[in-house]
Structure formats: structure tokens, C-alpha cells
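> I would like the atomic coordinates for the input below:
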Amino acid sequence: MKKIILSVGLMMLVIFAVKAQNPTTPPVNPNAPEIKFESLVHDYGTIVQDANGDCEFKFTNVGKEPLILTSITSSCGCTTPYWSKEPILPNKTEIIKVHYATNRVGVISKQVTVISNAKNSPVVLSIKGNVLAKPINNVPENPTNPNGTTPVVPNK
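Sure thing, here's the model as predicted:
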């Protein structure tokens with residue numbers, strides 16, 4: 001009798017374990033918000049060190065319910081996103097501003113991940129480009145003496 005009860009109990013445990021591994025997917029809300037960006041990539045091109053590193057990603061809520069941006073994170077501390085915390089109503093357009101610190105020289109390849117209540121969340125935005133070092137210019141174009149006169153260089 002103990003073996004039968006143990007066997008039935010073990011069978012029930014296996015059935016529950018199998019059901020837990022195959023969860024049912026929740027139904028998709030046909031009215032859910034959907035975020036549509038004009039572009040997923042911003043290319044700075046080639047810029048000089050300490051140039052303006054600001055860009056914008058324009059998007060529209062093409063769904064039928066308000067869109068809420070819950071989190072926007074960047075792949076590194078040199079990239080900072082800014083966005084509205086207010087819900088974006090259907091068919092309304094908003095922007096996400098991104099600042100890249102251009103004090104670093106080299107190739108730019110960073111991602112910004114947008115998490116929202118949209119049915120197509122998350123969305124990954126990218127920035128790319130190349131930052132060149134500032135030219136070093138130690139010699140002024142019009143050198144002057146402390147008294148304000150232009151120095152005369154003797155001929156050799």
C-alpha cells in the first residue's frame with residue numbers, strides 16, 4: 001500500500017514539474033502600445049574630440065494605448081540618455097536625447113536599450129562614428145611680445 005501511495009505521489013510530482021516547464025504564453029493585447037523609431041542608428045560620422053555629442057531619436061506610439069518608457073540604459077557610462085517620464089498617447093511623437101562624451105578618441109559604437117510597455121519592447125538604438133584627437137597648436141598665428149608689438153626675426 002505504501003508503494004502505491006508513493007508511486008501516485010511521484011507521478012503527480014512529475015506531472016506538475018512538466019507543466020511548470022511548459023507555461024502558457026499570455027495572450028497578445030491587440031491594442032497594446034507599439035514604439036516606432038524614425039531611425040535606430042545615429043551616425044556622428046567623423047568628429048573632433050570635445051565636439052557636440054548630442055543626438056536625438058524620434059519615435060511615435062503607433063499603438064492604441066499610452067506608451068510608457070520604463071527604462072532606458074546605455075552600454076557604457078560615456079553615453080547618457082534623457083527621456084520624458086510622461087505617458088506618450090497613441091499617434092503622438094516624442095524624442096529620446098542621447099549625449100555621448102566626445103572627450104574619448106576613437107571609434108564610437110554604443111547601444112541604448114529602450115524598455116517600455118510596448119509589444120515590441122525592448123528596442124536597441126545605436127550610435128556610431130569616429131572621434132579624432134584635437135590638433136595640437138602650440139604656436140599662435142600672430143605672435144606678439146608682451147608689450148604688444150610683433151617680434152622681428154633676424155635674417156641669417
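
> for residue 5, helix, strand, or coil?
helix (DSSP: H, G, I helix; E, B strand; the rest coil).

> number of nearby residues for it?
For residue 5, the neighbour count with other C-beta atoms under 10 Å is 9. (Each C-beta comes from the backbone N, C-alpha and C, glycine too.)

> Local confidence estimate at it?
pLDDT for residue 5: 71.

> For residue 46, list each beta-bridge partner.
Per DSSP bridges, the residues bridged to residue 46 are residue 130.

> correct me, but it touches residue 130?
Yes. With contacts counted by C-beta atoms under 8 Å, residue 46 reaches residue 130, the gap being 4.8 Å.

> Give me the more crowded residue out of these two.
residue 130 (14 against 10).

> Please verify my assumption that the more buried one contacts residue 109.
No. Counting by C-beta under 8 Å, residue 130 stays clear of residue 109, with 9.8 Å between them.

> What strand or helix carries the most centrally placed residue in the chain?
Residue closest to the average C-alpha location in the chain (C-alpha atoms, centre = their mean): residue 112, at 1.3 Å. Using DSSP states H and E, residue 112 maps to strand 106-116.

> could I have that strand exported to PDB, CA atoms only?
In PDB, the C-alpha atoms belonging to strand 106-116 read as follows (Å, rounded to 0.1, in the frame of the first residue of the first chain):
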ATOM      1  CA  GLY A 106      38.500  56.500 -31.300                       C
ATOM      2  CA  VAL A 107      35.600  54.600 -32.900                       C
ATOM      3  CA  ILE A 108      32.100  55.100 -31.400                       C
ATOM      4  CA  SER A 109      29.900  52.000 -31.200                       C
ATOM      5  CA  LYS A 110      27.400  52.200 -28.300                       C
ATOM      6  CA  GLN A 111      23.900  50.900 -27.700                       C
ATOM      7  CA  VAL A 112      21.000  52.300 -25.900                       C
ATOM      8  CA  THR A 113      18.300  49.900 -24.800                       C
ATOM      9  CA  VAL A 114      14.700  51.200 -24.500                       C
ATOM     10  CA  ILE A 115      12.400  49.200 -22.200                       C
ATOM     11  CA  SER A 116       8.700  50.100 -22.300                       C
END
